[in-house]
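# this one's structure only:
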DNA sequence: CCTTATTGTCGAAACGTTTCTACAAAAATT
DNA sequence: AATTTTTGTAGAAACGTTTCGACAATAAGG
């Protein structure tokens, strides 16, 4: 906290500037916002005064008048998951380019925390939101009285603005990869069947199996949540069966970590005794021995496009280039966690 | 954006509440803020009106009057590094308990971005800041005209409020561990010698060597930056020497990743051909084969204490329990990346 | 019973902007 | 030269709160 080095610790306002420059307050405001016509002469006078007094706008006061805060909130399920922070990075990049401020908010996958956010004071203060939802009831998000773009997770049948990846294709590719290596008994570990990320990933897996004429076995579908613990327990259970699968597809990064832990614990070798495909790429996936076959998703791009869409909505930009729902393509990254059978 | 389902899309203000309850505006405000004396009768009238109209306070307007926004900004060097996000988690936990909002800001280790933040409008709007600095000039941070707590990185000689870990001890322990395993030719890979995190870590390394009567060899100190690339290049260089070290101490998580990449590339085995200690613990460090010996830091605690300190400063709490500079203890986590010689 | 203290409420000013209306001066058109 | 248009500026109202001073009504003290 700065000590009171100067007696008159007066914060300089637009009024001070106007007096110092010898013009009206409104004139200063117009110069500052580059509005209307202002003679070069006065503009220079004002700019000089701003410089000399070290004026910086009180954006809170401005917000009150305009109703715009230039703050947007980014809601992620978990701040510590690098998959989500990569999305946030993309959002931030565009936002700061356009002089918007971003507030990061972690819902911790709790819908109650989301609700509290949007029904509270902050919900009134923001200009818009980019949300990775924690709740599969589309109506809730639709009724937020601010511009909203949904990212990553999608509720099917919703007509909201959204940016997602092609989960079905990703899942299909990762399963197909296992099939082409000769595997027939393939398990999937996935999270809940609420959002597209759950439903489409399981569907992609099933469709791949069907397409190659392989029986879809319900006991091979380990559906639970998206956290490491579920990946761990499911894998243990799978490996302890009489007829264990020869390959596992873990449908997100945390599940994959849990899965690997369990496999290690059992003392068997990935890529040899058991094959594995993950989903989200990361440093970890590349560094493990063997490195994991995954799908590359343009996470940062997802954030960027989401933010650009949001800006289009806020500014009521008619000639936006984006469809309501943007689906990004994915690409298989072949590594060494899949062994031929 | 909510469509105009209702004709009069009027946002309900404190004035509406006052009219509905039949009291003065000021009375409503007093009820809302729990100030002064209000008769039970009117309090109930007001609360009922608030409920019925669904009033929610416009905190921007309030901020303008009070000069307090209940927003604090958390500045981290990189939003995607889980070490930093773990700190942020701790901050958020305390902040939300106390009804403060947090804005996350990534400086990308650029002092210019920091400067822009604090000299700009937002710098005026916030009530305080928690900063992992990108700049080693203490004067800069001291002159921020808001309460500030420095986290993780510290500028020695500074008298600012700060929460850090005991870097010297951590570094000493990690080096000692290698010495006790019989290593004599030990290299360190570290970032710049600006903050405590660089200086103390190198010093801890040197002190451990000296203490065991081992020669400190300048060519074994690979000083650069804190990023993966530096870890990678340094390791390659070390391994290609005529007399390569038998052990490497990588002084942060990214350096350690780069180091491992290089070692893998050379086709040699960690824990056997070369020993390795890292610094920051993480999922990765546990999952690698072998898992890496590191030091456990209470990252979340660091964030929590930082936020509690900040609150004390903001509220001018005299009887704070925290010293100006809080140093947290560390603990060695022995895994399997260190081999006996 | 009169004075003084306390309690609860009101009205109005203030916070620092933006923006609308009005209007004078200058320029352009007759 | 008289009128109209354009240009630049000023003044004031408004945004939704908080908070201060004023003031009745009631309670307490003498």
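Great, that's in hand. Just so we're clear, the structure is a prediction, and the values are computed from it rather than from any experiment. Residues are numbered from 1 along each chain as shown, chains lettered A, B, ... in the order given.

# List the beta-bridge partners for residue A:186.
residue A:247 (DSSP bridges).

# That one and residue B:20, how far apart?
Residue A:186 sits 63 Å away from residue B:20, taking C-beta to C-beta, to the nearest Å as the criterion. C-betas here are computed from N, CA, C, even on glycine.

# Can you get me a residue count around the closest residue to DNA strand D within the stretch 201-341 of chain A?
With C-beta to the nearest atom of the strand, the shortest gap between the stretch 201-341 of chain A and DNA strand D falls at residue A:314, namely 18.9 Å. Per other C-beta atoms under 10 Å in any protein chain shown, the neighbour tally for residue A:314 reads 18.

# For residue A:228, give me its contacts.
By C-beta atoms under 8 Å, 6 or more residues apart in numbering or on different chains, the contact list for residue A:228 reads A:254, A:255, A:257, A:258, A:261.

# would you turn those into JSON lines with distance to DNA strand C and secondary structure?
Shown next, in JSON lines, are these (distance: C-beta to the nearest atom of the strand, whole Å; DSSP: H, G, I helix; E, B strand; the rest coil):
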{"residue": "A:254", "distance to DNA strand C": "45", "secondary structure": "helix"}
{"residue": "A:255", "distance to DNA strand C": "49", "secondary structure": "helix"}
{"residue": "A:257", "distance to DNA strand C": "49", "secondary structure": "helix"}
{"residue": "A:258", "distance to DNA strand C": "52", "secondary structure": "helix"}
{"residue": "A:261", "distance to DNA strand C": "55", "secondary structure": "helix"}
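
# Select from these the one having the most neighbours.
Greatest neighbour count in these, by other C-beta under 10 Å, goes to residue A:255: 31 neighbours.

# what sits against it?
Contacts of residue A:255 (C-beta under 8 Å, 6+ apart): A:189, A:190, A:191, A:226, A:227, A:228, A:230, A:231, A:234, A:279.

# which of those residues are close to DNA strand C?
Subset of those in contact with DNA strand C: empty, counting by C-beta under 7 Å from any atom of the strand.

# and the residue nearest to residue A:161 when sequence neighbours are not counted, bridged to which residues?
For residue A:161, ignoring the flanking residues on the chain, the nearest one in space by C-beta to C-beta, 6 or more residues apart in numbering or on different chains is residue A:149 at 4.7 Å. Bridge pairing for residue A:149 (DSSP bridges) gives the partners residue A:130.

# For the closest residue to residue A:20 other than its chain neighbours, pull up the helix or strand it's in.
Nearest residue to residue A:20 in three dimensions, chain neighbours excluded: residue A:49, at 4.2 Å (C-beta to C-beta, 6+ apart). Counting by DSSP states H and E, the element that carries residue A:49 is helix A:40-53.

# anything in that helix near DNA strand C?
No. For helix A:40-53, no contact with DNA strand C is found by C-beta under 7 Å from any atom of the strand; the gap never falls below 10.4 Å.

# just to revisit the earlier point, any chance of a markdown table for the contacts of residue A:228, columns pLDDT?
Shown next, in a markdown table, are the contacts of residue A:228 (pLDDT from 0 to 100):
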| residue | pLDDT |
| --- | --- |
| A:254 | 94 |
| A:255 | 96 |
| A:257 | 94 |
| A:258 | 95 |
| A:261 | 93 |
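
# Rebuild these as a markdown table, extending it with distance to residue B:141.
As requested, the contacts of residue A:228 are exported to a markdown table (distance: C-beta to C-beta, whole Å):
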| residue | distance to residue B:141 |
| --- | --- |
| A:254 | 36 |
| A:255 | 41 |
| A:257 | 37 |
| A:258 | 41 |
| A:261 | 41 |
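
# Now for chain A, the helix or strand with the poorest mean pLDDT.
Sorted by mean pLDDT, DSSP states H and E, the helices and strands of chain A end with helix A:283-287, the least confident at a mean of 83.

# quick one: the residue nearest to residue A:20 and residue A:15 touch, right?
No. Using C-beta atoms under 8 Å, residue A:49 is not in contact with residue A:15, being 11.3 Å away.

# Same drill for those two, tell me which one is more crowded.
Between residue A:49 and residue A:15, counting by other C-beta under 10 Å, residue A:49 is the more crowded of the two (21 against 10).

# How confident was the prediction at the more buried one?
Residue A:49 is assigned a pLDDT of 94 by the prediction.

# contacting residues for it?
Contacts of residue A:49 (C-beta under 8 Å, 6+ apart): A:17, A:18, A:20, A:21, A:28, A:55.

# same check, this time on residue A:55
For residue A:55, the contact set (C-beta under 8 Å, 6+ apart) comprises A:12, A:13, A:14, A:16, A:17, A:49.

# Recalculate using a threshold of 7 Å.
Listed by C-beta atoms under 7 Å, 6 or more residues apart in numbering or on different chains, the contact set of residue A:55 reads A:12, A:17.

# Just confirm it is within a helix.
No. With DSSP: H, G, I helix; E, B strand; the rest coil as the criterion, residue A:55 is coil rather than part of a helix.

# Next, give phi and psi for it.
Phi and psi for residue A:55, reported as degrees, to the nearest 10, are phi -70, psi 140.

# repeat for residue A:295
Here is the backbone geometry of residue A:295 (degrees, to the nearest 10): phi -120, psi 140.

# so what's it bridging to?
Going by DSSP bridges, residue A:295 forms beta bridges with residue A:280, residue A:332.

# just so I have it, where are all the helices in the stretch 51-200 of chain A?
Taking DSSP state H, counting those that start in this stretch as the criterion, the stretch 51-200 of chain A contains helices spanning A:59-66, A:82-97, A:111-119, A:121-125, A:138-142, A:167-180, A:196-211.

# report the angle between the axes of the third one and helix B:82-97?
This means helix A:111-119. Counting by axes from the mean of the first three to the mean of the last three C-alpha atoms, to 10 degrees, helix A:111-119 lies at 70 degrees to helix B:82-97.

# quick check, helix A:111-119 touching DNA strand D?
No. Judged by C-beta under 7 Å from any atom of the strand, helix A:111-119 stays clear of DNA strand D, getting no closer than 14.3 Å.

# ok, back up a step: of residue A:186 and residue B:20, who's got more company?
Set residue A:186 next to residue B:20 and count neighbours by other C-beta under 10 Å: residue A:186 wins out with 24 against 18.

# Was I right to think that one contacts residue A:244?
No. In this structure, residue A:186 is not within contact of residue A:244 by C-beta atoms under 7 Å, at 11.2 Å.

# So, low pLDDT: which residues of chain A?
Where chain A drops to pLDDT under 70, the residues are A:1-9.

# That one against DNA strand D: which residues are in contact?
So far as C-beta under 7 Å from any atom of the strand goes, chain A lies against DNA strand D at A:22-27, A:30, A:36-39, A:41-43, A:64-65.

# Any quick ChimeraX command for the buried ones out of these?
Selection of buried members from the residues of chain A next to DNA strand D for ChimeraX, criterion 16 or more other C-beta atoms under 10 Å in any protein chain shown:
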select /A:23,27,30,38,42,43,64
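
# Could you work out the most separated pair of the residues of chain A next to DNA strand D?
With C-beta to C-beta as the measure, no two of the residues of chain A next to DNA strand D lie farther apart than A:41 and A:64, at 31.3 Å.

# mind checking how far whichever residue of the stretch 201-341 of chain A sits closest to DNA strand C is from chain B?
Nearest residue of the stretch 201-341 of chain A to DNA strand C: residue A:315, at 14.2 Å (C-beta to the nearest atom of the strand). Going from residue A:315 to chain B by C-beta to the nearest C-beta, to the nearest Å gives 12 Å.
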